[in-house]
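**Q** any chance you can model this:
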Amino acid sequence: MGIGMKSVQSVADFLNAKNWVVVDDALEQIVPLGPQWANDNYVVTVNELYGETRYFLRLGRETGLGLMARLAYEFSVLQAMSRSGMTPRPFYCDESAKVDGEPVGALLMEFLPGRSMDCASDWRLAAQTLARVHAQPVDSRLIVRERPLVDMCNRCSELVSAIGRYGDPGAAEEAGDSLKALISLADEARALLADDALVVTHGTVRASDFIVDEDGDKGWLIDWENGAVSSRYADIGLFMAHASGLCASGCYGSENDRLGFFEEYVATIGFDMGLDRLAERVALFERAFMLRATIEELLACCSCEGGGEKTE
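**A** Numbers count the residues shown, from 1 in each chain. From the prediction side, this is the model:
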C-alpha cells in the first residue's frame, strides 16, 4: 500500500535526527520532486564549509522489506561504481528508516546538476557513457545475471499465463507466439554469447536515466537499483529498443546515426569488438525487448477491458 509523499518538515526532522545534513528551514531547503516508480525524491540544499551543496534524497514510497532492501542494494551498487565518475556519489543509506513513523528506507546521494538527455543530439554521449560503465571492474556486491534473456522468458511466461486467465483467445494466441519467438532468441543468444565476458550493466537503461551537464560534454547514469553484472548487449539493446519505437522519443534519426552510436561505443571502450558483431548481438536483444513489450501491452489491454485478472 502506498504511504503518500512526506511533508518537507517531516523529511527535515528525519535528516536532522540522523545527522546526515543540517536543515534549518525545511520550506527553503527541501524541494519535493514527486514520486517515481516506488520512490519519493527530494532535493536538499544546505550551506556547508565550502559553500552551498545540494543532495538527492530517495525515500521508499511503498512499505515492505523487499522494496526497502532495493534502496540498500542501490546504495551498494553506487558504492561499487563510485570511482567511475558515471554515477552520483552515495553518502548514507538506512533501509529501516522511518519518516513520520512510517517505514520507508532512505538513501542520500549526490545531486547531479544538469539537464535531461536530448535524444536527437546526445546519442554520442550516451554511447560514451555506456561504454565507460561497461569498462568498470566487476564488483562482488553486484548481482550476477548470466542469462538475461532466459530471465526475460521466465517472466514473460508468467505474463502469458496471466493473459490466458482473461479468456481472450486472440490476445492469448498473440502473446503465446511472442513468447515462442522470445524463447527462440534466448536459444540463439546462448550459443552466440557463449564466449562473451559479463560486464557491469545498468539494467534498465533508457534516455530518462541520463543526466547531461550544461555544456553537453559529460554524462551520468542514475537510478541504479537494477545494476548488475550481465551482458553489455542487454543494456545497449534496451536503449536502442526505446530509441527506435518502444518509447515516444527516438534517439537516432537514421541508420547512419545507429552505426555512429556503435562506432562511438567501440572507440570509447578501447578495443576492437567488430561493428558487425556488436550490431548483430544488439539487434537480438532489441528484438527481445520488443517482444516483451508486446506481451506487456497485451496484458495491460486485457486488464483494462476485463477490469481485473479473472480466475477460474
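**Q** how about the nearest residue to N47, chain neighbours excluded?
**A** Excluding the flanking residues, the one nearest N47 by CB to CB, 6 or more residues apart in numbering is T53, at 7.8 Å. (Glycine included, C-beta is placed from N, CA and C.)
**Q** wait, the one you found touches Q29, no?
**A** No: counting by CB atoms under 8 Å, T53 does not reach Q29; the two are 10.8 Å apart.
**Q** what sits in contact with each of these two?
**A** T45, V46 (CB atoms under 8 Å, 6 or more residues apart in numbering).
**Q** where do the strands sit along the stretch 201-312 of the chain?
**A** Using DSSP state E, counting those that start in this stretch, the strands of the stretch 201-312 of the chain run over 210-212, 219-221, 228-230.
**Q** what's the closest of the ones you listed to A120?
**A** strand 210-212 (12.5 Å; CB to CB).
**Q** what strands line up against the closest one, and which way round?
**A** Using DSSP bridges, the strands paired with strand 210-212 in its sheet are strand 115-116 (antiparallel), strand 219-221 (antiparallel).
**Q** let me have those strands in TSV, extended by mean pLDDT, mean neighbour count and distance to I269.
**A** Shown next, in TSV, are the strands paired with strand 210-212 (pLDDT from 0 to 100; neighbours: other CB atoms under 10 Å; distance: least, CB to CB, whole Å):
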stretch	mean pLDDT	mean neighbour count	distance to I269
strand 115-116	89	12	25
strand 219-221	94	22	15
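**Q** so which of those strands gets nearest L192?
**A** Nearest to L192, of those and by CB to CB, is strand 219-221 at 26.0 Å.
**Q** re the thing from before, tell me which of the strands paired with strand 210-212 lies nearest to R258.
**A** strand 219-221 (18.5 Å).
**Q** quick one, domains of the chain?
**A** 8-111, 123-306 (automatic domain parsing).
**Q** give me the more crowded residue out of T53 and Q29.
**A** Q29 (22 against 14; other CB atoms under 10 Å).
**Q** wasn't M109 part of a strand?
**A** Yes: membership of M109 in a strand is supported by DSSP: H, G, I helix; E, B strand; the rest coil.
**Q** run a quick neighbour tally on the residue nearest to it when sequence neighbours are not counted.
**A** Excluding its sequence neighbours, the residue lying closest to M109 (CB to CB, 6+ apart) is P88, at 4.5 Å. Residues near P88, counting by other CB under 10 Å, number 20.
**Q** what about P88, which helix or strand?
**A** Assigned by DSSP states H and E, P88 belongs to no helix or strand.
**Q** and the helices in this structure?
**A** 8-18, 26-29, 65-80, 123-134, 148-164, 169-192, 232-241, 255-269, 275-306 (DSSP state H).
**Q** contacts only, for P148.
**A** Per CB under 8 Å, 6+ apart, neighbours of P148: S230, S231, A234, F285.
**Q** chain neighbours aside, what residue packs nearest to it?
**A** Nearest to P148 is A234, by CB to CB, 6+ apart, at 4.5 Å.
**Q** my read is that the one you found contacts T201, right?
**A** Yes: taking CB under 8 Å as the definition, A234 is a contact partner of T201 at 6.1 Å.
**Q** quick one: the spatially most central residue of the chain from D94, how far?
**A** What sits nearest the mean C-alpha location of the chain, by CA atoms, centre = their mean, is T204, with 3.3 Å. Between T204 and D94 the computed distance is 24 Å (CB to CB, to the nearest Å).
**Q** before we move on, the earlier item: with distance to M117, pLDDT and neighbour count added, can I get the contacts of P148 in JSON lines?
**A** Below are those laid out as JSON lines (distance: CB to CB, whole Å; pLDDT from 0 to 100; neighbours: other CB atoms under 10 Å):
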{"residue": "S230", "distance to M117": "22", "pLDDT": "97", "neighbour count": "23"}
{"residue": "S231", "distance to M117": "23", "pLDDT": "96", "neighbour count": "24"}
{"residue": "A234", "distance to M117": "19", "pLDDT": "95", "neighbour count": "28"}
{"residue": "F285", "distance to M117": "20", "pLDDT": "96", "neighbour count": "26"}
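**Q** of those residues, which is the nearest to V77?
**A** S230 (12.6 Å).
**Q** from memory the closest one sits against D151, does it?
**A** No: judged on CB under 8 Å, S230 makes no contact with D151 at a distance of 9.2 Å.
**Q** shared neighbours, the two?
**A** R145.
**Q** pLDDT score for the residue nearest to M109?
**A** The model reports P88 with a pLDDT of 96.
**Q** need the contact list for it.
**A** P88 touches F56, L78, M109, E110, F111, L112, W220, I222, counting by CB under 8 Å, 6+ apart.
**Q** identify the farthest-apart pair in these.
**A** Across the contacts of P88 (CB to CB), the longest gap, 13.3 Å, separates L78 and F111.
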